[in-house]
Structures are given as C-alpha cells and as structure tokens.
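K.L.:
pasting a predicted model and its sequence here:
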Amino acid sequence: TERSLMPRVHEILKRSTTAVEAFNHQVRDELAALVDTIELQMAPASFDEPLSSHNSITLSSGVHGGARFAKADTHIKAVPAGVRMTRKAAFTADAQVDGVRFTTLFITSGADSLVELTGTAVVVFRGCTFDKAPTDAPTYITVANGAKAIFMGCSFAGTTGAAGDLFSHAGAAANIQLVGCYNRTGHAYGANTTTTACI
C-alpha cells in the first residue's frame with residue numbers, strides 16, 4: 001500500500017484577532033500552501049520515496065546527505081542553486097536527476113564514487129555537477145554491467161591525485177551516454193562511455 005504524505009499543520013487564529021493579524025495569517029497560509037505544492041525538502045532532505053513509483057523530490061539549497069533510490073521513476077530536482085549532495089547517491093531503479101551538485105568538497109575527503117547505479121537502473125542526469133576533493137579516488141561514477149546512464153549538460157570538476165577514469169563501467173559503451181558535457185578534471189571519461197559534443 002502507498003503511504004500518503006503528511007498533511008500540513010494549519011495555524012489556529014486566536015479569538016480576538018486584529019485585521020492585521022488575520023491578514024498576516026492568510027499570507028502565511030498561502031505561502032505554506034505554495035511550498036506544499038512543490039513538496040520542497042529542506043536541507044538535509046529525508047529522501048523518502050513514499051509512493052511505489054513516480055516519486056518527486058524537490059530539494060532546497062544547502063547540504064544534503066547521500067541516499068538510496070529504489071522506487072521506479074523517482075524524479076530528484078534542485079529548484080534553487082546551491083543544492084549539494086555530499087554522500088553517495090545509489091540508484092537501483094530508473095530515475096531522473098536535475099541540477100544537483102554531487103560533491104565531496106564539504107566533507108572529509110577519501111570518498112569513492114559519488115554516484116552508483118546497479119541492477120538494471122537507467123538514470124538521466126541533466127545539468128548536474130560532479131566534483132571531488134584532491135585526495136579522493138578518481139572514480140566519480142560507478143555503473144554496474146546492465147545499468148545505464150545519460151548525462152546531459154553536466155560538468156565534472158576537481159582534480160584527484162590518483163590516476164584513473166571518471167567512470168567505472170564494465171558494460172557496453174553505449175550504456176553510458178554523455179551529451180554536451182564539460183570535463184575539467186584532467187581525467188578521461190573512460191573507454192566504456194559514449195560522448196557527443198563533449199569537451
């Protein structure tokens with residue numbers, strides 16, 4: 001069964017309310033209703049997937065931890081700039097991710113990959129940034145054989161000391177597609193990737 005989202009708590013007016021207090025209450029109520037419609041997750045987000053599929057997670061600016069996404073067709077999106085995930089995001093089901101910065105620059109370095117895809121997950125990343133601290137392992141993205149990923153307009157930044165490719169992937173090169181991406185890490189994307197209009 002699907003769990004419904006928690007209902008919003010409404011403010012109760014006092015018995016003797018001035019016109020100004022009533023107006024302010026109405027403004028607060030309208031603002032809360034607007035925030036509810038976009039289901040904004042304040043940092044750090046809980047990353048709940050309450051529905052059996054097609055969950056929508058809208059992230060506020062700030063530092064969010066990592067998460068495991070296991071429900072089909074979850075959509076994770078950053079509305080403002082400055083949405084940072086500082087721990088690994090693991091995907092075991094299809095998903096879409098828009099505008100998120102995956103980074104280890106704000107935590108203790110030494111992290112392995114920023115994103116991991118397993119099983120038969122197909123994940124589309126649009127306008128995301130991936131960057132790592134200098135002491136981290138060179139692998140940014142790990143994709144298991146059978147999983148697939150598409151990166152559109154994404155950036156890869158940060159220079160790690162160790163040699164290696166950005167992608168760890170043993171599957172077919174056609175299973176990782178990069179379109180219009182920018183790599184300024186000094187590392188290659190990797191042999192088992194397909195790039196189009198990337199620099």
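P.N.:
Yes, it's here. Numbering: from 1, shown residues only.
K.L.:
from now on I want contacts and neighbour counts done on CA atoms only, so please keep to that.
P.N.:
Fine.
K.L.:
contacting residues around stretch 143-157?
P.N.:
Taking contacts as CA atoms under 8 Å, 6 or more residues apart in numbering, the residues outside stretch 143-157 that touch it are 116-132, 167-172, 175-185.
K.L.:
which ones are touching Lys132?
P.N.:
Applying CA under 8 Å, 6+ apart to Lys132 gives the contacts 103-105, 140, 157-160.
K.L.:
out of those, which end up buried?
P.N.:
Under a neighbour-count criterion of 16 or more other CA atoms under 10 Å, the subset of the contacts of Lys132 counted as buried comprises 103-104, 140, 157-160.
K.L.:
output the contacts of Lys132 as JSON lines; include the columns pLDDT and secondary structure.
P.N.:
Rendered in JSON lines, the data for the contacts of Lys132 read as follows (pLDDT from 0 to 100; DSSP: H, G, I helix; E, B strand; the rest coil):
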{"residue": "Thr103", "pLDDT": "93", "secondary structure": "strand"}
{"residue": "Thr104", "pLDDT": "88", "secondary structure": "coil"}
{"residue": "Leu105", "pLDDT": "83", "secondary structure": "coil"}
{"residue": "Tyr140", "pLDDT": "96", "secondary structure": "coil"}
{"residue": "Ala157", "pLDDT": "95", "secondary structure": "strand"}
{"residue": "Gly158", "pLDDT": "89", "secondary structure": "coil"}
{"residue": "Thr159", "pLDDT": "81", "secondary structure": "coil"}
{"residue": "Thr160", "pLDDT": "83", "secondary structure": "coil"}
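K.L.:
before we move on, back to that, so of the contacts of stretch 143-157, which ones are in strands?
P.N.:
In strands, defined here by DSSP state E, the members of the contacts of stretch 143-157 are 116-117, 122-126, 129-131, 167-169, 176-179, 182-183.
K.L.:
counting neighbours, what do you get for Ala133?
P.N.:
Using other CA atoms under 10 Å, Ala133 has 21 other residues around it.
K.L.:
local confidence estimate at it?
P.N.:
Reported pLDDT at Ala133 in the predicted model: 88.
K.L.:
who's in contact with the residue nearest to it when sequence neighbours are not counted?
P.N.:
Here the nearest residue to Ala133 in space, its sequence neighbours aside, is Leu105; by CA to CA, 6 or more residues apart in numbering that works out to 5.2 Å. With contacts defined as CA under 8 Å, 6+ apart, the neighbours of Leu105 are 86, 131-133.
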